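Student: predicted model follows, preceded by the sequence.
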Amino acid sequence: MALVVALVILIIATLIFHFTSPWWFTPLASNWQTIDDTINITFWVTGLVFIAVNSFLAFALFRYRFDRNRRADYEPENKKLETWLVIATSLGIAAMLAPGLFVWNSFIKVPKEARLVEAVGQQWSWSFRLPGADGQFGQSAVELITEQNPFGINPDDVNSLDDVLIKGNEMHLQQGQAIKLQLRSKDVLHSFSVPQFRVKMDLVPGLTSYMWFTPTKAGRFELLCQELCGMAHYTMRGIIQVDPPTEYQTWLASQPTFSQTLRQLQADIVAGKGLYQSCSACHGQAGEGNVALDAPALAGQGAWYLERQLQYFQQGIRGAHKNDIQGQQMAAMARMLANNEAIRQISAYIATLSPKAATASGDAGKGEALYHNCSFCHGEAGEGNYNQNAPRLASQHDWYLRRQLEHFKQGIRGAHQQDLFGKQMIMMSRLLQSPQAIDEVVAYITGLPGFVETIEEPRQTLTTQSAEQE
């Protein structure tokens with residue numbers, strides 16, 4: 001009887017939890033209500049089976065409980081019961097599978113009016129591309145990917161010159177506009193998923209996959225990678241901003257085309273040197289940094305990282321927190337640069353400065369094991385990695401590294417909603433669970449050489465075919 005009571009309690013408790021649970025669907029923000037309907041049908045079918053099976057089990061335990069005065073009947077076959085079980089099981093399976101087939105049929109048929117958008121995944125960030133006025137993507141290939149051409153677009157393809165490039169983790173879509181999302185991976189398997197849109201699809205290296213949806217609600221939605229893609233998989237997040245038509249067109253007009261980015265590649269280093277004179281008072285003539293002025297070393301950093309940080313300071317993405325005193329000072333200095341051209345020039349000049357060796361302190365031996373997690377992005381020698389959006393760490397002062405890690409852990413840096421790379425660092429920095437762990441990993445980093453000896457070996461490449469033309 002105790003087991004019978006336990007089964008009845010299990011059934012009742014499960015039903016109560018299902019209908020009162022706080023863990024339910026996120027609010028729907030796309031046209032895919034049919035996805036929810038299909039899941040609900042599955043819940044009803046499996047729920048009824050759960051109730052029926054456990055109720056029958058409780059009944060059988062009660063009805064045929066042990067009785068000294070009763071003998072069991074031996075009945076190895078019961079064709080009538082087996083027939084009903086086969087029919088009921090077949091109907092249940094059909095009820096679960098059939099709606100999904102209808103939904104899948106709609107999922108693979110993209111509306112003709114759908115706008116083409118490309119999402120590119122890499123460890124551990126997103127970038128996006130839109131076709132220009134011709135409505136066609138230019139050809140792209142993995143072997144064409146460089147720091148100057150992160151999308152791997154063929155510059156000789158006339159269809160590529162007007163392609164609109166969005167290098168950050170934030171993409172804007174127009175509310176009510178059907179979207180055909182073309183998916184491409186630079187490295188390993190990823191998966192594009194926005195829970196509110198109810199659709200997801202894998203990104204496969206060397207292939208181009210797709211899915212479609214129509215965003216129906218304006219707002220900001222978190223983009224997730226739902227494929228285990230490496231050490232920092234859980235930090236691979238982005239933002240999909242759905243705008244009303246007028247706001248979307250305003251945003252779109254401000255985005256650069258591929259041809260514009262090609263013209264921006266060459267920055268005036270001489271002009272950048274002149275602009276840097278105001279920076280050298282704190283950061284040093286050679287970009288070596290100055291502990292007395294709380295100024296970190298700049299030499300050795302890539303121009304792409306310096307540009308991003310200067311823009312963050314100007315836009316209030318970095319240096320706005322009340323406890324970031326040094327960041328507030330830097331934000332005021334960054335605003336002295338008149339425009340993005342000045343930022344490119346000064347960043348290009350700083351990138352020509354040669355880094356100097358940092359002084360190591362603390363227990364570097366223990367820090368080596370802790371740094372293993374960091375090396376996936378920043379490199380085994382702390383050299384930084386453009387493809388992972390990770391700056392150089394080697395040659396940086398230990399006091400600055402320590403302060404930045406503490407600021408990330410405390411949310412002083414990286415908490416701004418537009419600092420998606422900073423949010424990744426917040427999550428990673430919290431793996432260092434004590435001040436001692438921070439000291440140890442910093443001690444190891446300050447002893448890193450900042451370069452990796454490589455041996456040239458022949459390699460094979462996977463070519464990503466151009467987008468299917470419609």
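Tutor: Great, that's in hand. Since the model is a prediction, treat every value here as computed from it, not as a measurement. Numbers count the residues shown, from 1 in each chain.

Student: tell me the buried residues in stretch 417-425?
Tutor: 419-425 (16 or more other CB atoms under 10 Å). Quick note: C-beta positions are derived from backbone N, CA and C, even for glycine.

Student: hang on, I meant stretch 375-393
Tutor: Buried, per 16+ other CB under 10 Å, within stretch 375-393: 375-379, 381-385, 388-393.

Student: same check, this time on stretch 148-164
Tutor: 149-154, 157, 159-164.

Student: first vs last residue of stretch 188-200, how far apart are they?
Tutor: Chord length of stretch 188-200, first to last residue, is 17 Å (CA to CA, to the nearest Å).

Student: ok now that stretch, how far from the chain's centre?
Tutor: Relative to its chain's centre, stretch 188-200 lies at 10 Å (CA atoms, centre = their mean, to the nearest Å).

Student: and for stretch 294-302?
Tutor: Worked out by CA atoms, centre = their mean, stretch 294-302 lies 27 Å from the chain centre.

Student: how long is that stretch end to end?
Tutor: 21 Å.

Student: give me the mean pLDDT for that stretch.
Tutor: Averaged over stretch 294-302, pLDDT sits at 90.

Student: for stretch 306-321, same thing?
Tutor: 92.

Student: ditto for stretch 30-40
Tutor: 91.

Student: stretch 277-288 too?
Tutor: pLDDT averaged over stretch 277-288 gives 90.

Student: with just CA atoms, put it into PDB.
Tutor: Below are the C-alpha coordinates for stretch 277-288, written out as PDB (Å, rounded to 0.1, in the frame of the first residue of the first chain):
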ATOM      1  CA  GLN A 277      51.900  63.100 -27.800                       C
ATOM      2  CA  SER A 278      49.100  64.000 -25.400                       C
ATOM      3  CA  CYS A 279      48.900  60.300 -24.400                       C
ATOM      4  CA  SER A 280      52.600  59.900 -23.800                       C
ATOM      5  CA  ALA A 281      52.500  62.100 -20.700                       C
ATOM      6  CA  CYS A 282      50.900  59.200 -18.900                       C
ATOM      7  CA  HIS A 283      51.600  56.100 -21.000                       C
ATOM      8  CA  GLY A 284      55.200  57.000 -21.900                       C
ATOM      9  CA  GLN A 285      56.900  57.900 -25.200                       C
ATOM     10  CA  ALA A 286      57.300  54.200 -26.000                       C
ATOM     11  CA  GLY A 287      53.900  53.200 -24.600                       C
ATOM     12  CA  GLU A 288      55.600  51.500 -21.700                       C
END
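
Student: for the protein, what helix or strand is lowest in average pLDDT?
Tutor: helix 258-263 (a mean of 78; mean pLDDT, DSSP states H and E).

Student: which elements pack onto the helix or strand that that helix is followed by?
Tutor: Following helix 258-263 in sequence order, the next helix or strand is helix 269-283 (DSSP states H and E). Helices and strands touching helix 269-283, by 3 or more CB pairs under 8 Å, 6 or more residues apart in numbering; DSSP states H and E, are helix 340-350.

Student: next, the buried residues of the helix it packs on.
Tutor: 342-350.

Student: just stretch 103-121 next, same as before
Tutor: Buried, per 16+ other CB under 10 Å, within stretch 103-121: 107, 110, 114-121.

Student: on that earlier part again, which one among the buried residues of stretch 148-164 gets closest to Pro296?
Tutor: Proximity of the buried residues of stretch 148-164 to Pro296 was ranked by CB to CB; the top entry is Pro150 with 25.6 Å.

Student: you'd agree the closest one is up against Gly168?
Tutor: No - under the criterion of CB atoms under 8 Å, Pro150 is not in contact with Gly168, lying 11.3 Å apart.

Student: doesn't Thr56 lie inside a helix?
Tutor: Slight slip there: residue 56 is Phe, not Thr. Yes - according to DSSP: H, G, I helix; E, B strand; the rest coil, the state of Phe56 is that of a helix.
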